[in-house]
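Visitor: Just a sequence and a predicted model for now, questions to come.
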Amino acid sequence: MEIDEIRNNLKRVWGDIEGVCKQAGRDPAEVTLISVTKTLNVEVLKRAILAGATDLGENYVQEAKEKIEEILIAGVTAGEGGGVGGGVRWHFIGRLQRNKAKYAVKLFDLIHTVDSVPLAVELDKRAKNMGKVQDILVQVNISFEEQKSGISVEGVIDLVGEISTLENLKIQGLMGMPPFGLDPETARPFFVTLRGIREKVQAKNIPNVLMNELSMGMSADYTVAIEEGATMVRVGTAIFGSRG
Ligand SMILES: *Cc1c(COP(=O)(O)O)cnc(C)c1O
């Protein structure tokens, strides 16, 4: 996809975000658009950054590693709208295997998909070795599907409590996904559920835990997710077209 098309799509999505925030009485600055670039060629990522994308989301560690390294070498920095210091923030949004924890910590500013103590312990260890405090989100299985990743709704408070004791991880909030393929209005109650879980965690006042971020909403339903409190939306298809 050419840069003009990417820029137009970004503008349209930003416009939607602004519009829905205005209607919902929210400040658009509270909502981060994460451009999801999984499976896309690194040239497309460079164009997205030049077109003003400040936050990119990737699902596979090895693929992301190759692309991020190339972008760092090429020194591509955000154009219009640019990120802090002209840099790009990298988000890991895929399923994370423990044996990839080291690279995930090395590469990503925010890991959205922490859903178990063993994974958290491994990330904490790797972050400590690198002298980094790794920002993470706890992924919650709000769809109640067996296969899906994410901690069960009943398990969230305990998991957050255990992770809060790990000195090199910092919980910033929660991430969740409704069942695949729902229309936006059918997805809405799942977003409401995640917001409710955040409120429950907030009420516990667990030290070292922030609940500022709610990562929810994708191409099909990001406006509804924002109406229900999303602070991060993860959008691929609406910016880059179908991944085929
Ligand atoms: C692929 C993906 C997205 C983006 O999906 P689109 O429907 O293309 O916007 C968002 N979140 C996660 C976790 C993904 O894997």
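Guide: Nice, thanks for sending it over. Everything quoted here is computed from the prediction, not taken from an experiment.
Visitor: which parts of the protein sit against the ligand?
Guide: Contact residues (Cβ under 6 Å from any ligand atom) of the chain with the ligand: 36, 38, 59, 93, 218, 219, 220, 234, 235, 236, 237, 238. In this view, the C-beta of every residue, glycine as well, is placed from N, C-alpha and C.
Visitor: Buried members of the residues you listed into PyMOL, please.
Guide: In PyMOL syntax, the buried subset of the residues of the chain next to the ligand is picked out as below (16 or more other Cβ atoms under 10 Å):
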select buried, resi 36+38+59+93+218+219+220+234+235+236+238
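Visitor: Just the ones in helices from the residues of the chain next to the ligand, please.
Guide: When DSSP state H defines the helices, the subset of these inside them is 237, 238.
Visitor: in this structure, which segments are predicted with low confidence?
Guide: In the predicted model, the chain carries pLDDT under 70 at residues 78-86, 146-147.
Visitor: about what we covered before: now the residues of the chain next to the ligand in TSV, please, with extra columns for distance to residue 99.
Guide: Below are these laid out as TSV (distance: Cβ to Cβ, whole Å):
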residue	distance to residue 99
36	24
38	19
59	16
93	18
218	27
219	31
220	32
234	24
235	29
236	26
237	30
238	33
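Visitor: residues contacting residue 238?
Guide: Taking Cβ atoms under 8 Å, 6 or more residues apart in numbering, we find residue 238 in contact with 9, 12, 13, 219, 222.
Visitor: closest to residue 206 among the residues of the chain next to the ligand?
Guide: residue 93 (24.0 Å; Cβ to Cβ).
Visitor: Pretty sure that closest one sits against residue 55.
Guide: No. Using Cβ atoms under 8 Å, residue 93 is not in contact with residue 55; the gap is 10.7 Å.
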